[in-house]
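Visitor: Structure for this input, please:
(one chain, ligands or ions: 1)
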Amino acid sequence: MQEKIDQYTADILAFSPANADELEAFRIKYLGTKGLIKDLFEEFKTVGPEEKRVFGKVLNQFKQMAEGKYAELKESLDSGAKTQDLGLDLTLPGDGFEVGSRHPLSLVRNEIIDIFKRLGFVVAEGPEIEDDWHNFSALNFPQEHPARDMQDTFFIRKGDGSDDIALRTHTSSVQVRMMENGKPPFRAIMPGRVYRNEAISARAHCFFHQVEGLYVDENVSFADLKQTLFHFVQELYGEGTKVRFRPSYFPFTEPSAEMDISCTICKGDGCNMCKYTGWVEILGCGMVDPNVLENCGIDSKKYTGFAFGMGIERITNLKYVIRDLRLFSENDVRFLKQFQTDII
Ligand code: DAH
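Guide: Numbers count the residues shown, from 1 in each chain. As a prediction, this is how the structure comes out:
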């Protein structure tokens, strides 16, 4: 009898039902009216008084253990069923974390910042909602300049009907704020979002991003401008990238230039990115017009400076061969995932 009890105890303790049917079979096998425990009690009736004294207690403990185990298993199966009702299966592995990625525009902006930081430039920022003075007048835009036209600028009408407040159309406004609020030398880059009233297409958007640069000190020359930008291009697009400067016009610089680089896609051989010229324009630049320095309270006899401004989208397009500007603001994860880096 003891042997049987030991064997059943081991079996019961090891038992783990996969479902309610298995548990029911367990109940019938041990606790049923024709079950093994019932058999043991029948057998108990036949043993001598001496054994009765010993086994009475053992048998009762065994029965309690079997009933306890059954109740415990039933409870856990029932609560499992409840979780299933909720549509949860707690045995499934958990969801893994989706690793985010930096937006390509942020990656490129940070790269631009890093390159200029190594040259001693600091980062400055300004407001996206600007007044006419900082966005246009201080920068030498004549009153009738077409860039002030409603076509290009998002004006914000004030309660009194006046509209000298606008979403900045370029980061050049931050130059003005910096010069007004400090003393030369200035050596800063100014990244930020800008807005223009343009129809959205693959090549234009109503908002985009620029990085402005400003260097004002005694004896700053056009040679400094050229060398700084040449170095920047070598760092960003690789040694051997060619640059060329073409004369241009901006109200706030004199002389002004646009800088082209040898096409990063075809290396100058000609492709549709560079319209088969081998060159692509990446920024505007020039020597800060003395009028602008004076507008900002800086002695233009003593100080000179250079400035430049580039669109981050354009720089990014050339780096990653992206042909549709709209991808930058649509937040399609299939696009963004391609820029996954190990920086979280
Ligand atoms: N503000 C110009 C634009 O939005 C870019 C630019 C050109 C900025 C020449 C400059 C500069 O600082 O010197 O098109």
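Visitor: quick one: low-confidence parts of this structure?
Guide: Counting by pLDDT under 70, the chain has low-confidence residues at 81-85, 147, 150-151, 341-344.
Visitor: And the strands in this protein?
Guide: Using DSSP state E, the strands found in the chain span residues 122-123, 129-131, 155-156, 165-167, 186-195, 207-217, 243-250, 253-262, 279-288, 304-311.
Visitor: So which bits of stretch 126-142 are buried?
Guide: 126, 130-132, 134-141 (16 or more other CB atoms under 10 Å). All C-beta atoms are positioned from the backbone trio N, CA, C, and that covers glycine.
Visitor: do that stretch and the ligand meet at all?
Guide: No - residues of stretch 126-142 are not located near the ligand by CB under 6 Å from any ligand atom, the shortest gap being 8.1 Å.
Visitor: What is the end-to-end distance of that stretch?
Guide: Terminal residues of stretch 126-142 lie 23 Å apart, using CA to CA, to the nearest Å.
Visitor: measure the residue nearest to residue 322 when sequence neighbours are not counted to residue 108 for me?
Guide: Excluding its sequence neighbours, the residue lying closest to residue 322 (CB to CB, 6 or more residues apart in numbering) is residue 316, at 6.4 Å. The gap separating residue 316 from residue 108 is 5 Å, by CB to CB, to the nearest Å.
Visitor: Give me the contacts around stretch 68-86.
Guide: 12-13, 15-17, 19-20, 23, 26-27, 30-31, 89-90 (CB atoms under 8 Å, 6 or more residues apart in numbering).
Visitor: Neighbour count and distance to the ligand added to those, as a markdown table?
Guide: Below are the contacts of stretch 68-86 laid out as a markdown table (neighbours: other CB atoms under 10 Å; distance: CB to the nearest ligand atom, whole Å):
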| residue | neighbour count | distance to the ligand |
| --- | --- | --- |
| 12 | 19 | 82 |
| 13 | 11 | 79 |
| 15 | 16 | 78 |
| 16 | 10 | 72 |
| 17 | 17 | 73 |
| 19 | 10 | 70 |
| 20 | 14 | 73 |
| 23 | 18 | 75 |
| 26 | 22 | 80 |
| 27 | 17 | 82 |
| 30 | 23 | 85 |
| 31 | 16 | 86 |
| 89 | 9 | 57 |
| 90 | 9 | 58 |
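Visitor: any idea which of those is closest to residue 120?
Guide: Among those, residue 90 lies closest to residue 120 (CB to CB), at 58.2 Å.
Visitor: dump the residue contacts of the residue found closest to residue 17 once you drop the neighbours it is linked to in the chain.
Guide: Of all residues not flanking residue 17 in the chain, residue 23 sits nearest, at 4.1 Å (CB to CB, 6+ apart). Residues in contact with residue 23 (CB under 8 Å, 6+ apart) are 17, 70, 73-74, 77.
Visitor: which one of those residues sits closest to the ligand?
Guide: residue 77 (70.1 Å; CB to the nearest ligand atom).
Visitor: any idea how far the closest one lies from residue 71?
Guide: Look at residue 77 and residue 71: by CB to CB, they are 11 Å apart.
Visitor: Who has more neighbours out of those two?
Guide: Using other CB atoms under 10 Å, the more surrounded residue of residue 77 and residue 71 is residue 77, with 16 against 10.
Visitor: how much space is there between the more buried one and residue 30?
Guide: 16 Å.
Visitor: now do residue 327
Guide: 67 Å.
Visitor: residues in contact with the closest residue to residue 254 other than its chain neighbours?
Guide: Spatial nearest neighbour of residue 254, chain neighbours left out: residue 289 (4.6 Å); criterion: CB to CB, 6+ apart. The contact partners of residue 289, taken as CB under 8 Å, 6+ apart, are 140, 251-254.
Visitor: out of the residues you listed, who has the most neighbours?
Guide: Counting by other CB under 10 Å, top hit in the contacts of residue 289: residue 253 with 25 neighbours.
Visitor: Residues in a beta bridge with the nearest residue to it once chain neighbours are set aside, which ones?
Guide: Spatially, and ignoring its direct neighbours in sequence, residue 253 is nearest to residue 286 (2.6 Å; CB to CB, 6+ apart). Taking DSSP bridges as the rule, residue 286 bridges to residue 256, residue 307.
Visitor: Count the neighbours of residue 286 for me.
Guide: So residue 286, with other CB under 10 Å, has 24 neighbours.
Visitor: from what I can see it touches residue 255, true?
Guide: Yes - under the criterion of CB atoms under 8 Å, residue 286 makes contact with residue 255 at 5.8 Å.
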